[in-house]
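Engineer: quick one, what's the 3D model for this:
(3 chains)
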Amino acid sequence: MPELPEVETIKRTLELKLAGRTIREVTVLFPGVIGSPSPEQFADGLRNVRVRRLGRRGKFLLVELDAGQTLVIHFRMTGRLIYHPGKAPPAEHTHVVFDLDGDSQLHFMDTRKFGRLWLLPNSALTQHSSLGKLGREPLEEGFTREFLRLELPRRRTRIKPLLLDQTFIAGLGNIYADEALHLAGLHPEKPAQDLSFAEISRLHRAIQRVLQDGIEHHGTTLRDYLDGAGTAGRHQDYLRVHRRTGLPCPVCGTRISRKKVGGRSTHYCPCCQKDSGSGE
DNA sequence: AAGAGACCCTGTTGGC
DNA sequence: TGCCAACAGGGTCTCT
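Structural biologist: Presented below is the predicted three-dimensional model:
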(Lines give C-alpha, C1' and ligand atoms only; values in the text may rest on other atoms or scores of the structure.)
Protein backbone atom coordinates (compact mmCIF):
# COMPACT_ATOMS: atom_id res chain seq x y z
CA MET A 1 0.00 0.00 0.00
CA PRO A 2 1.75 3.07 -1.21
CA GLU A 3 2.74 5.35 1.65
CA LEU A 4 5.19 8.22 1.42
CA PRO A 5 8.29 6.16 0.53
CA GLU A 6 6.43 4.19 -2.13
CA VAL A 7 4.87 7.27 -3.74
CA GLU A 8 8.26 8.98 -3.63
CA THR A 9 9.77 5.95 -5.40
CA ILE A 10 7.03 5.98 -8.03
CA LYS A 11 7.67 9.68 -8.52
CA ARG A 12 11.40 9.16 -8.96
CA THR A 13 11.06 6.24 -11.35
CA LEU A 14 8.48 8.01 -13.50
CA GLU A 15 10.00 11.48 -13.49
CA LEU A 16 12.72 10.37 -15.93
CA LYS A 17 10.19 8.83 -18.28
CA LEU A 18 7.49 11.49 -18.17
CA ALA A 19 9.07 14.91 -17.80
CA GLY A 20 8.75 16.79 -21.09
CA ARG A 21 6.54 14.15 -22.69
CA THR A 22 3.15 14.85 -24.20
CA ILE A 23 -0.02 12.92 -23.46
CA ARG A 24 -1.71 12.16 -26.78
CA GLU A 25 -4.80 10.26 -25.73
CA VAL A 26 -6.45 9.03 -22.54
CA THR A 27 -8.73 6.01 -22.34
CA VAL A 28 -10.80 5.53 -19.22
CA LEU A 29 -11.71 1.86 -18.90
CA PHE A 30 -13.32 2.15 -15.46
CA PRO A 31 -14.87 5.59 -14.85
CA GLY A 32 -15.21 5.00 -11.11
CA VAL A 33 -11.55 5.84 -10.51
CA ILE A 34 -11.90 9.37 -11.88
CA GLY A 35 -12.54 11.76 -9.01
CA SER A 36 -13.12 14.90 -11.08
CA PRO A 37 -14.02 16.28 -13.56
CA SER A 38 -16.25 13.84 -15.45
CA PRO A 39 -14.39 10.96 -17.15
CA GLU A 40 -15.04 12.59 -20.55
CA GLN A 41 -13.71 15.96 -19.45
CA PHE A 42 -10.80 14.23 -17.77
CA ALA A 43 -9.77 12.57 -21.03
CA ASP A 44 -10.43 15.69 -23.11
CA GLY A 45 -8.52 17.92 -20.73
CA LEU A 46 -5.42 15.74 -20.92
CA ARG A 47 -5.26 15.37 -24.69
CA ASN A 48 -2.09 16.91 -26.16
CA VAL A 49 -0.95 18.25 -22.82
CA ARG A 50 2.73 18.25 -21.90
CA VAL A 51 4.08 16.98 -18.57
CA ARG A 52 6.38 19.47 -16.88
CA ARG A 53 7.53 17.52 -13.88
CA LEU A 54 6.36 15.22 -11.12
CA GLY A 55 5.79 16.14 -7.50
CA ARG A 56 4.52 14.51 -4.34
CA ARG A 57 2.51 15.74 -1.38
CA GLY A 58 1.95 13.17 1.36
CA LYS A 59 0.72 10.07 -0.42
CA PHE A 60 -0.46 12.03 -3.46
CA LEU A 61 1.46 11.93 -6.72
CA LEU A 62 1.30 15.25 -8.59
CA VAL A 63 1.80 15.22 -12.34
CA GLU A 64 2.38 18.88 -13.10
CA LEU A 65 1.19 19.81 -16.58
CA ASP A 66 1.43 22.74 -18.93
CA ALA A 67 -1.49 25.15 -19.04
CA GLY A 68 -1.71 25.41 -15.25
CA GLN A 69 -3.19 22.02 -14.57
CA THR A 70 -2.17 19.11 -12.37
CA LEU A 71 -3.06 15.44 -12.60
CA VAL A 72 -3.43 14.32 -8.99
CA ILE A 73 -3.25 10.61 -8.19
CA HIS A 74 -3.88 8.76 -4.94
CA PHE A 75 -3.03 5.05 -4.97
CA ARG A 76 -4.81 4.09 -1.76
CA MET A 77 -4.00 0.44 -1.23
CA THR A 78 -3.44 -1.36 -4.49
CA GLY A 79 -3.05 1.38 -7.08
CA ARG A 80 -0.16 1.25 -9.53
CA LEU A 81 1.11 3.50 -12.28
CA ILE A 82 3.24 1.55 -14.71
CA TYR A 83 5.21 2.93 -17.63
CA HIS A 84 5.40 0.84 -20.80
CA PRO A 85 8.05 1.81 -23.40
CA GLY A 86 5.79 0.51 -26.17
CA LYS A 87 2.09 -0.13 -26.61
CA ALA A 88 0.97 -2.81 -24.19
CA PRO A 89 -2.38 -4.58 -23.93
CA PRO A 90 -4.05 -3.53 -20.68
CA ALA A 91 -3.57 -6.17 -18.02
CA GLU A 92 -6.39 -7.12 -15.65
CA HIS A 93 -7.48 -4.26 -13.37
CA THR A 94 -6.15 -1.57 -15.73
CA HIS A 95 -8.53 1.37 -15.42
CA VAL A 96 -6.87 4.24 -17.30
CA VAL A 97 -4.45 4.15 -20.24
CA PHE A 98 -2.41 7.23 -21.17
CA ASP A 99 -0.93 7.19 -24.67
CA LEU A 100 2.24 9.27 -24.79
CA ASP A 101 4.18 10.71 -27.67
CA GLY A 102 6.28 8.05 -29.33
CA ASP A 103 4.53 4.77 -28.75
CA SER A 104 4.85 4.52 -25.00
CA GLN A 105 2.02 4.26 -22.50
CA LEU A 106 1.25 4.79 -18.87
CA HIS A 107 -1.22 2.39 -17.25
CA PHE A 108 -3.12 3.13 -14.06
CA MET A 109 -4.11 -0.16 -12.43
CA ASP A 110 -5.91 -0.88 -9.17
CA THR A 111 -7.25 -4.22 -8.03
CA ARG A 112 -9.44 -2.77 -5.30
CA LYS A 113 -10.54 0.31 -7.24
CA PHE A 114 -10.00 2.55 -4.23
CA GLY A 115 -7.44 4.74 -5.99
CA ARG A 116 -8.48 8.06 -7.54
CA LEU A 117 -7.31 10.43 -10.24
CA TRP A 118 -8.25 14.09 -10.51
CA LEU A 119 -7.46 16.67 -13.15
CA LEU A 120 -7.40 20.03 -11.43
CA PRO A 121 -6.49 23.59 -12.30
CA ASN A 122 -3.56 24.58 -10.11
CA SER A 123 -5.73 27.21 -8.48
CA ALA A 124 -8.04 24.45 -7.19
CA LEU A 125 -5.38 22.27 -5.57
CA THR A 126 -5.76 23.84 -2.14
CA GLN A 127 -9.53 23.33 -2.27
CA HIS A 128 -9.23 19.62 -2.90
CA SER A 129 -11.01 17.84 -0.06
CA SER A 130 -7.98 16.04 1.31
CA LEU A 131 -4.96 17.33 -0.59
CA GLY A 132 -5.83 20.80 0.59
CA LYS A 133 -5.91 19.77 4.23
CA LEU A 134 -2.69 17.82 4.46
CA GLY A 135 -0.41 18.38 7.42
CA ARG A 136 3.35 18.74 7.41
CA GLU A 137 5.69 16.85 5.14
CA PRO A 138 7.71 14.70 7.54
CA LEU A 139 10.93 14.94 5.54
CA GLU A 140 10.80 18.66 4.98
CA GLU A 141 11.87 21.65 7.01
CA GLY A 142 8.55 22.36 8.63
CA PHE A 143 8.56 19.04 10.46
CA THR A 144 10.71 19.77 13.47
CA ARG A 145 11.06 18.42 16.97
CA GLU A 146 9.71 21.75 18.15
CA PHE A 147 6.58 21.29 16.05
CA LEU A 148 5.90 17.99 17.81
CA ARG A 149 6.75 19.47 21.22
CA LEU A 150 4.20 22.18 20.59
CA GLU A 151 1.46 19.97 19.15
CA LEU A 152 1.54 16.68 21.04
CA PRO A 153 0.68 18.07 24.47
CA ARG A 154 -2.51 19.53 22.99
CA ARG A 155 -3.68 16.26 21.46
CA ARG A 156 -5.90 14.03 23.52
CA THR A 157 -5.78 11.11 21.12
CA ARG A 158 -3.50 8.08 21.14
CA ILE A 159 -0.20 8.42 19.38
CA LYS A 160 -0.72 5.89 16.58
CA PRO A 161 -4.04 7.23 15.29
CA LEU A 162 -2.45 10.68 15.40
CA LEU A 163 0.47 9.52 13.25
CA LEU A 164 -2.04 8.22 10.71
CA ASP A 165 -3.95 11.50 10.67
CA GLN A 166 -2.99 13.00 7.30
CA THR A 167 -4.03 16.47 8.41
CA PHE A 168 -1.35 16.25 11.10
CA ILE A 169 1.53 14.57 9.25
CA ALA A 170 1.22 13.79 5.55
CA GLY A 171 2.40 10.45 4.27
CA LEU A 172 2.61 7.99 7.15
CA GLY A 173 0.47 4.88 6.76
CA ASN A 174 0.08 1.74 8.77
CA ILE A 175 3.46 0.23 7.91
CA TYR A 176 5.68 3.18 8.71
CA ALA A 177 3.62 4.24 11.73
CA ASP A 178 4.16 0.80 13.31
CA GLU A 179 7.84 0.92 12.42
CA ALA A 180 8.39 4.43 13.77
CA LEU A 181 6.70 3.64 17.08
CA HIS A 182 8.86 0.55 17.55
CA LEU A 183 12.03 2.42 16.67
CA ALA A 184 11.06 5.11 19.16
CA GLY A 185 10.11 2.53 21.82
CA LEU A 186 6.59 3.90 22.23
CA HIS A 187 3.36 2.00 22.84
CA PRO A 188 0.89 2.77 20.03
CA GLU A 189 -1.88 3.55 22.51
CA LYS A 190 0.08 5.99 24.58
CA PRO A 191 -1.83 9.28 24.75
CA ALA A 192 -0.04 11.85 22.62
CA GLN A 193 -0.09 14.35 25.45
CA ASP A 194 1.74 11.96 27.78
CA LEU A 195 4.92 11.78 25.73
CA SER A 196 7.96 13.16 27.51
CA PHE A 197 10.40 15.56 25.95
CA ALA A 198 12.82 12.71 25.30
CA GLU A 199 10.11 10.50 23.82
CA ILE A 200 9.06 13.24 21.43
CA SER A 201 12.66 13.62 20.28
CA ARG A 202 12.94 9.89 19.70
CA LEU A 203 9.66 9.82 17.81
CA HIS A 204 10.70 12.70 15.60
CA ARG A 205 13.96 11.01 14.71
CA ALA A 206 12.26 7.63 14.24
CA ILE A 207 9.64 8.97 11.82
CA GLN A 208 12.29 10.53 9.60
CA ARG A 209 14.53 7.50 9.84
CA VAL A 210 11.93 4.88 8.85
CA LEU A 211 10.74 7.02 5.93
CA GLN A 212 14.28 7.65 4.70
CA ASP A 213 15.12 3.96 5.00
CA GLY A 214 11.94 3.10 3.13
CA ILE A 215 12.87 5.43 0.29
CA GLU A 216 16.41 4.09 0.24
CA HIS A 217 15.03 0.56 -0.17
CA HIS A 218 12.61 1.71 -2.90
CA GLY A 219 9.55 1.09 -0.76
CA THR A 220 7.88 -1.89 0.89
CA THR A 221 6.28 -4.59 -1.25
CA LEU A 222 4.06 -6.76 0.93
CA ARG A 223 1.86 -7.82 -1.94
CA ASP A 224 0.80 -5.26 -4.50
CA TYR A 225 3.19 -2.36 -4.58
CA LEU A 226 5.36 -1.84 -7.66
CA ASP A 227 7.19 1.32 -8.73
CA GLY A 228 6.73 3.12 -12.04
CA ALA A 229 8.98 0.66 -13.81
CA GLY A 230 7.13 -2.34 -12.40
CA THR A 231 9.87 -3.17 -9.87
CA ALA A 232 9.13 -4.33 -6.30
CA GLY A 233 10.60 -2.60 -3.26
CA ARG A 234 13.01 -4.17 -0.76
CA HIS A 235 12.05 -2.57 2.54
CA GLN A 236 9.83 -5.52 3.48
CA ASP A 237 13.11 -7.29 4.32
CA TYR A 238 13.91 -4.64 6.91
CA LEU A 239 10.60 -4.38 8.77
CA ARG A 240 10.95 -4.50 12.54
CA VAL A 241 7.38 -5.24 13.64
CA HIS A 242 4.84 -4.60 10.89
CA ARG A 243 3.05 -7.83 9.89
CA ARG A 244 5.47 -9.83 12.01
CA THR A 245 3.00 -11.07 14.62
CA GLY A 246 4.51 -13.90 16.66
CA LEU A 247 8.00 -13.41 15.26
CA PRO A 248 10.82 -12.24 17.51
CA CYS A 249 11.42 -8.53 18.09
CA PRO A 250 14.72 -7.64 16.40
CA VAL A 251 15.81 -5.81 19.55
CA CYS A 252 14.86 -8.09 22.44
CA GLY A 253 13.51 -11.30 20.89
CA THR A 254 10.08 -11.03 22.52
CA ARG A 255 7.24 -12.20 20.27
CA ILE A 256 5.56 -9.35 18.44
CA SER A 257 1.93 -8.69 19.37
CA ARG A 258 -0.91 -7.45 17.24
CA LYS A 259 -4.04 -5.57 18.22
CA LYS A 260 -6.53 -3.17 16.71
CA VAL A 261 -5.87 0.47 17.45
CA GLY A 262 -8.19 3.03 15.95
CA GLY A 263 -9.56 0.35 13.65
CA ARG A 264 -6.13 -0.50 12.20
CA SER A 265 -4.17 -3.64 12.93
CA THR A 266 -1.16 -2.60 14.93
CA HIS A 267 2.05 -4.54 15.48
CA TYR A 268 4.35 -3.85 18.41
CA CYS A 269 6.80 -5.39 20.82
CA PRO A 270 5.19 -5.70 24.26
CA CYS A 271 8.62 -5.49 25.84
CA CYS A 272 10.24 -2.60 23.96
CA GLN A 273 6.98 -0.64 23.72
CA LYS A 274 5.49 -0.76 27.20
CA ASP A 275 2.00 0.67 27.56
CA SER A 276 1.65 3.44 30.05
CA GLY A 277 4.91 3.95 31.90
CA SER A 278 6.07 7.42 32.73
CA GLY A 279 8.39 7.28 29.77
CA GLU A 280 11.70 8.18 31.38
C1' DA B 1 -12.30 16.95 19.76
C1' DA B 2 -12.21 12.28 19.21
C1' DG B 3 -13.66 7.78 18.41
C1' DA B 4 -16.55 4.25 16.36
C1' DG B 5 -18.65 2.38 12.41
C1' DA B 6 -20.04 2.27 7.54
C1' DC B 7 -18.53 2.44 2.95
C1' DC B 8 -15.86 1.53 -1.25
C1' DC B 9 -13.73 -3.30 -3.52
C1' DT B 10 -11.65 -7.77 -4.37
C1' DG B 11 -8.08 -11.25 -3.27
C1' DT B 12 -6.77 -13.92 0.58
C1' DT B 13 -7.43 -16.31 4.76
C1' DG B 14 -9.63 -18.97 8.36
C1' DG B 15 -13.18 -21.81 10.10
C1' DC B 16 -16.14 -25.49 9.58
C1' DT C 1 -10.75 -30.83 0.21
C1' DG C 2 -14.23 -27.28 -0.61
C1' DC C 3 -17.08 -23.61 0.42
C1' DC C 4 -18.16 -19.19 2.20
C1' DA C 5 -17.91 -15.59 5.56
C1' DA C 6 -14.73 -12.62 7.46
C1' DC C 7 -10.92 -9.87 6.89
C1' DA C 8 -7.56 -6.40 5.16
C1' DG C 9 -6.66 -1.67 4.18
C1' DG C 10 -6.67 4.43 3.27
C1' DG C 11 -9.49 7.91 3.38
C1' DT C 12 -13.99 10.11 3.78
C1' DC C 13 -18.32 10.57 5.80
C1' DT C 14 -21.82 10.25 9.44
C1' DC C 15 -23.12 9.71 14.08
C1' DT C 16 -22.44 9.97 18.94
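Engineer: list the contacts of the residue of chain A found nearest DNA strand C.
Structural biologist: Nearest residue of chain A to DNA strand C (CB to the nearest atom of the strand) works out as A:Ser130 at 1.9 Å. For glycine as for every other residue, the C-beta is placed from the backbone atoms N, C-alpha and C. Counting by CB atoms under 8 Å, 6 or more residues apart in numbering, A:Ser130 makes contact with A:74, A:166.
Engineer: right, is stretch A:201-212 up against DNA strand C?
Structural biologist: No. Using CB under 7 Å from any atom of the strand, stretch A:201-212 never reaches DNA strand C; the gap is at least 13.8 Å.
Engineer: and that stretch, what's buried?
Structural biologist: Within stretch A:201-212, the residues scored as buried using 16 or more other CB atoms under 10 Å are A:202-204, A:206-207, A:210-211.
Engineer: quick one: the strands in the stretch 101-250 of chain A?
Structural biologist: A:105-110, A:116-121 (DSSP state E, counting those that start in this stretch).
Engineer: can you tell me the strand partners of the first one and which way each runs?
Structural biologist: According to DSSP bridges, strand A:105-110 has the following sheet partners: strand A:79-84 (antiparallel), strand A:94-100 (antiparallel).
Engineer: kindly report the same for the last one.
Structural biologist: Its sheet considered, strand A:116-121 pairs with strand A:34-36 (parallel), strand A:69-74 (antiparallel) by DSSP bridges.
Engineer: just those: most buried one?
Structural biologist: strand A:69-74 (a mean of 22; mean count of other CB atoms under 10 Å).
Engineer: that one and DNA strand B, are they touching?
Structural biologist: No. Using CB under 7 Å from any atom of the strand, strand A:69-74 never reaches DNA strand B; the gap is at least 11.7 Å.
Engineer: want to throw the strands paired with strand A:116-121 into TSV with mean pLDDT?
Structural biologist: Converted to TSV, the strands paired with strand A:116-121 look like this (pLDDT from 0 to 100):
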stretch	mean pLDDT
strand A:34-36	92
strand A:69-74	94
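Engineer: which one of the ones you listed lies nearest to A:Thr22?
Structural biologist: The closest of those to A:Thr22 is strand A:69-74. By CB to CB, the value is 13.1 Å.
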